[in-house]
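J.: Okay, structure incoming, though there's no sequence with it:
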């Protein structure tokens, strides 16, 4: 796997190096437009998301957004930050047709751990597979500071990385996994975690959140 970190300058934001292009990386956000994104269960893009100083930002209420493209096995790298007490998330293998995106898609939690109640539990802290797989402490940066996230999905195998540290690793639809889901709120939604391919989604949880350097490569 190729480790992707935070960009060091504005000039290098939302771009690919020649080595990344050769390795098969594509940009999901070019820093200038919202091309390639739309609302979950929508044909258009809600006005709650906008380009802000080279970032993809949640600027008001309107709902979750997803990539127009769907992906099966992939490595997705992204930078993110939230404000004080902020909460958001990244969804993967999201299937449309459900009332809400988290009825189908696992969530990589984005959070200001020290200033949000969800940060009191490793199960719902930054980098966790929300409410199912806990994370170790100390990997997330403070509110307002950039973090680098990475999600690897290959077959049933999933990894969450936060600032260069692997914080979550699990297998989709294994027996022990089914037991976790059965004892959680997700038991109410049979589609949860069942899709073999789907969209990347960004959560509108009511708080400002910013993304940049969102890049993905398909894994064979």
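T.: Sure, I can see it. On a predicted model such as this, the values are computed, not experimentally measured, just so you know.

J.: Show residues contacting the helix of greatest length in the chain.
T.: Counting residues, the longest helix found in the chain (DSSP state H) is helix 175-182. Around helix 175-182, the neighbours that count as contacts under Cβ atoms under 8 Å, 6 or more residues apart in numbering are 132-133, 170-171, 187, 192-193. Placement of C-beta: from N, CA and C, glycine included.

J.: try 6 Å
T.: 132, 171, 187 (Cβ atoms under 6 Å, 6 or more residues apart in numbering).

J.: Walk me through which strands the helix or strand that comes right after that helix pairs with, and which way each runs.
T.: Counting by DSSP states H and E, the next helix or strand C-terminal to helix 175-182 is strand 199-202. Partners of strand 199-202 in the sheet, by DSSP bridges, are strand 65-67 (antiparallel), strand 87-94 (antiparallel).

J.: The ones you listed into CSV, with extra columns for distance to residue 163 and mean neighbour count?
T.: CSV is the format used below for the strands paired with strand 199-202 (distance: least, Cβ to Cβ, whole Å; neighbours: other Cβ atoms under 10 Å):
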stretch, distance to residue 163, mean neighbour count
strand 65-67, 24, 23
strand 87-94, 15, 24
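
J.: my read: residue 201 touches residue 92, true?
T.: No - the pair residue 201 and residue 92 does not pass the contact test of Cβ atoms under 6 Å, sitting 7.4 Å apart.

J.: Identify whichever of the strands paired with strand 199-202 lies nearest to residue 17.
T.: Checking the strands paired with strand 199-202 against residue 17 by Cβ to Cβ gives strand 65-67 as the closest, at 21.8 Å.

J.: Check the offset of that closest one from the chain's centre.
T.: Centroid displacement of strand 65-67 relative to its chain, using Cα atoms, centre = their mean, to the nearest Å, is 11 Å.
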